Structure formats: structure tokens, C-alpha cells
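> Show me the folded form of this:
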Amino acid sequence: MSDDAPFPGEAVASYDVLSRLGSDYYEVFSDIPAEDRAHWERAQAYVDEVGPMMRDAWDRAEYPLAAARRMGELDLVVDGIDHPALTRMSPLAAGLVNMEISRGDGSLGTVLAVQGGLALRSLALFGSAAQQERWLVPLADGSVLGSFALTEPDHGSDSVSLETVARRDGDAWVIRGTKKWIGNGASGGITFVWARVDDEGAEEHGSVRCFLVEQETPGYRGTVITGKVSLRGIHQAHIRLDDVRVPLDAVLPGAKSFKDASTVLYATRSGVAWSALGHATACYEAALSYAQQRVQFGRPLAKFQMVQERLTHMLEDLTAMQLYCRCMADMDTAGTLRPAQASLAKFHNTRAARRIASSARDLLGGNGILLENGVMQHLADIEAIHTYEGTESVQALLIGRDITGMSAFV
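Below you'll find the predicted structure:
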């Protein structure tokens, strides 16, 4: 599909949908302020527009850049980032947008996480005035696609051990190394590359810095990773940086250590919890609708005791996920949310989403593996969000350190 293709569709009031389907059993989202609800409903309209395109793209493992750019055009990627050049979106509104987009399509949820949660946030938090003047609005409106390059082929959970290096050479930085699983890393936009300074004569030798690299820079090569069975509607890249020269002012002045990279990651973990809720909501709704309509042995599946019990277990998990997210948003608004609390929400919600998706797939029987019913796609995509932004084991160690006061990290 070309970037100029039209987007048919119409908005649907999001809470009306949740209420009608019984997805919000405790009415956790019944009192959303009008401004936040407007953001939420705009996200639902966006999903209605691009949904059919994304299902086809997922099937073909293609990344429709038009859909990613459209998200920016509708001002949906600001992710609650507090900056005067960006539209203000409360933590609750940002979460609802994330939930709604992931409810429609997991690849789009990852576009939001990469473009807004990682790239835009890195620039807004750590970029110079000149860097922000040049790139902040283009990232926010989707006219430029951004990526966040931290993970390496040999360093995922232990990304603090990154091997990509940057050294000064006259009036430039020279960057060498490799990165892997980088969303938007081969999209033709810009990449925020985290590298260790390798300059024994400099005071900052060994420190971790972030560099803004345009992907057309000589020596930068992003190759799309193939063979994925999750998040097939967005491309992740394997990046090689072969003596990539960037000007001295390409470094983000506010990013001076790995702790700053962690600051960005902590902020996105709440987004992953919301994304998991979106996936789980879609799976629960599909299972409930199927059970009410599918007739076996002369009656709807919903009249069988085993099916009702299974739906109840799913609703139990779903309601807990909603409460985690709403409480987390309230703490974030109050300025009291701690990183380990965001980790707990991510830890719980991706695990619960896996249970709901698996149960829904089984309840749909053979029809559960059909792409047209959505559940199998969500189940596969949940596997990716369960891992990224910190695996289950890493989250457990972060939480464990917080509650015991002792670190179990090596």
C-alpha cells in the first residue's frame, strides 16, 4: 500500500464498546475525563481506519509506513511526554491510547512504543535545544520515523554491558558496533544509538552516551530481521555501524550514563502494561462473542458450565489488569509512581495476557488459529511484549531488589 492511500473508517466511542461487551466489569474506566476520553476515541478511530490494512500486513510480514505516519498525523504518539512543543496527554490518556491501539493491532502498539515511548522520549528528556528544534515535531507528527538502539546481538537483558563504542576523531564522533531488534531501525529515519565512549584520554572514557544518527549516514546499515512469528506488521532491524561519523553535536547532552537509558525504559514499562491490557481485552471479547454465537450440541457454547467458568477466569485476570493500569496512572499523575511499581504492572499484565490469550485460543477451537478471528495474532504478539522492555525474570529481580533492599543481579 502506498503512503498516500486513503484511510476509510469511522470513530466508535471506546468506553461504549467496553461497556456493551462487558469488558470493564468493575467500571474502572467509566469516569474518564472528557479530554482524556477524546484522546482515547481518536485512537479507536485510528484503529478502525487502519485495522484491515494491518491484518493483511501482519499476514504478509510487511510494515505499512503509511499506518505509522498516520498515527503521528492524529497526534497519538506523544505518550504523555511533558514538553512545551508537544500536545499534553495525561498518564491516563496515554495509557488508554496505548491500550486501544494494541487492542486493535500489536504491531501498531509497538510502533507507538518505539516512536513515542523510546525515540521521542529520549529526545525530549536528553536532547539539546537545537536537536529538539530540528527533530521533536517531525517525530511527534510521524513525518520522520525514529528508533532506539540499545539492545545488541549478545546483550539483551544485560544491555548495561553494551559493546558498541564511540570515539572522538577531530570534529566528529566515530561509532562502531552492532544492534539488534531495533524497531524502525531500517525505516529511513533517525536512530538514537547508545554507545560506550572509547577514549582513554577523555574524562568520559567508559561512560554510556546517546547519539542521534540519521539512517542515511555512511556506514549505517539496517537490515530487516525476517522469520518473525510475532509483531509481523512492524520491522525490527539488525544494525551494523561501521565507523559511522557524526558531528560532535550529535551526542544528546543530557544522556551521560546507562542510568539515563534506564530512565527511558522505566517510563515505557507502564506502556507495556497498558499494551498487554489491550491485547487481553481483544482476546476476551473475541472469546465471549464466539461463545455466545457458536452453537454445538444444539446450544450456544456460552450455556455450557465449563465455558462460563473459563470466561470467568479470563474476566478475573482482565479486571485485575485494568485495576493495575488505572492505579498506576493515578500514581503517575500524582508524581509518586516508582520504577519498580511500573515493573510490577508489566510483570503481572503480560503474564495475565498470556493466560487470557491462550484460553481464548482454546475456546475458539480450530477457528482460534484463523487470522480473521484475531486471537492467534494477539497470542503471538503478546509473546514479544512479554519479553521486550525487560523480561519477566528481569522484572522479578527489579521488584525483588525493591522489596528486600538487596540486589540479586550479578
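> Which parts of the stretch 251-400 of the chain are helices?
Assigned helices in the stretch 251-400 of the chain, in chain order: 258-293, 305-334, 339-363, 375-387, 392-404 (criterion: DSSP state H, counting those that start in this stretch).
> and the closest residue to residue 172 other than its chain neighbours, how many neighbours?
Closest residue to residue 172 apart from its sequence neighbours, by CB to CB, 6 or more residues apart in numbering: residue 245 at 4.6 Å. C-beta: built from backbone N, CA, C; applies to glycine. The local packing of residue 245 (other CB atoms under 10 Å) involves 16 other residues.
> and residue 245, bridged to which residues?
residue 174 (DSSP bridges).
> for it, what are its contacts?
Neighbour list for residue 245: 169, 172, 173, 174, 217, 218, 219 [criterion: CB atoms under 8 Å, 6 or more residues apart in numbering].
> Give the buried subset of those residues as a ChimeraX selection command.
In ChimeraX syntax, the buried subset of the contacts of residue 245 is picked out as below (16 or more other CB atoms under 10 Å):
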select :173,174
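> Can you list which of the contacts of residue 245 are found in strands?
Among the contacts of residue 245, the ones falling in strands (DSSP state E) are 169, 172, 173, 174.
> Present those residues as a markdown table; the columns should include distance to residue 121.
As requested, these are exported to a markdown table (distance: CB to CB, whole Å):
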| residue | distance to residue 121 |
| --- | --- |
| 169 | 30 |
| 172 | 26 |
| 173 | 22 |
| 174 | 26 |
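> Determine which two of those are furthest apart.
For the ones in strands among the contacts of residue 245, the farthest-apart pair by CB to CB is 169 and 173; their separation is 7.5 Å.
> Look up how far residue 71 lies from residue 140.
Distance of residue 140 to residue 71, given as CB to CB, to the nearest Å: 10 Å.
> Give the intersection of the neighbour lists for those two.
residue 77.
> would you turn the ones in strands among the contacts of residue 245 into JSON lines with pLDDT and distance to residue 184?
As requested, the ones in strands among the contacts of residue 245 are arranged in JSON lines below (pLDDT from 0 to 100; distance: CB to CB, whole Å):
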{"residue": "169", "pLDDT": "92", "distance to residue 184": "28"}
{"residue": "172", "pLDDT": "95", "distance to residue 184": "24"}
{"residue": "173", "pLDDT": "96", "distance to residue 184": "22"}
{"residue": "174", "pLDDT": "97", "distance to residue 184": "23"}
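> Run through the protein and note the low-pLDDT ranges.
The chain contains residues with pLDDT under 70 at 1-21, 156-159, 410.
> related to what we said a few turns ago, looking at the ones in strands among the contacts of residue 245, which one is closest to residue 375?
Of all the ones in strands among the contacts of residue 245, residue 173 has the smallest distance to residue 375: 47.0 Å, by CB to CB.
> Contacts only, for that closest one.
By CB under 8 Å, 6+ apart, the contact set of residue 173 is 166, 167, 211, 245, 246, 247, 248, 250, 251.
> out of the residues you listed, what pair is the most spread apart?
Greatest spatial distance in these: 167 and 247, 14.2 Å, computed using CB to CB.
> Which of those two has more residues huddled nearby?
Taking other CB under 10 Å, residue 167 and residue 247 do not tie; residue 167 has more neighbours (18 against 11).
> Give the closest residue to that one in space, chain neighbours not counted.
Closest to residue 167 by CB to CB, 6+ apart is residue 198, at 4.8 Å.
> Next: residue 79.
Counting by CB to CB, 6+ apart, residue 79 lies nearest to residue 116, which is 3.6 Å off, once chain neighbours are set aside.
> hang on, isn't that neighbour packed against residue 81?
Yes - here residue 116 reaches residue 81: they are 7.2 Å apart, a contact under CB atoms under 8 Å.
> So which of those two has more stuff around it?
Each of residue 116 and residue 81 has its neighbours counted (other CB under 10 Å); residue 116 has more, 30 against 22.
> got a list of what the more buried one touches?
For residue 116, the contacting residues are 77, 78, 79, 81, 140, by CB under 8 Å, 6+ apart.
> Can you list which of these are found in helices?
The helices, defined by DSSP state H, take in residue 140 from those.
> Any chance of the contacts of residue 116 in TSV with distance to residue 286 as columns?
Output for the contacts of residue 116, formatted as TSV (distance: CB to CB, whole Å):
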residue	distance to residue 286
77	27
78	30
79	27
81	32
140	33
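> related to what we said a few turns ago, distance check, the residue nearest to residue 172 against residue 313.
Taking CB to CB, one finds residue 245 at 57 Å from residue 313.
> Please apply the same query to residue 264.
35 Å.
> Could you check which of the two has the larger neighbour count?
More crowded of residue 264 and residue 313, by other CB under 10 Å: residue 264, with 23 against 13.
> didn't the more buried one look like it was pressed against residue 118?
Yes - contact criterion CB under 8 Å: residue 264 and residue 118 qualify, at 6.1 Å.
> Find residues that contact each of those two.
Joint contacts of residue 264 and residue 118 (CB under 8 Å, 6+ apart) are residue 148.
> Let me know how buried residue 86 is, in neighbour terms.
Neighbours of residue 86 (other CB under 10 Å): 20.
> That one and residue 78 touch, don't they?
Yes - using CB under 8 Å, residue 86 is in contact with residue 78, at 4.7 Å.
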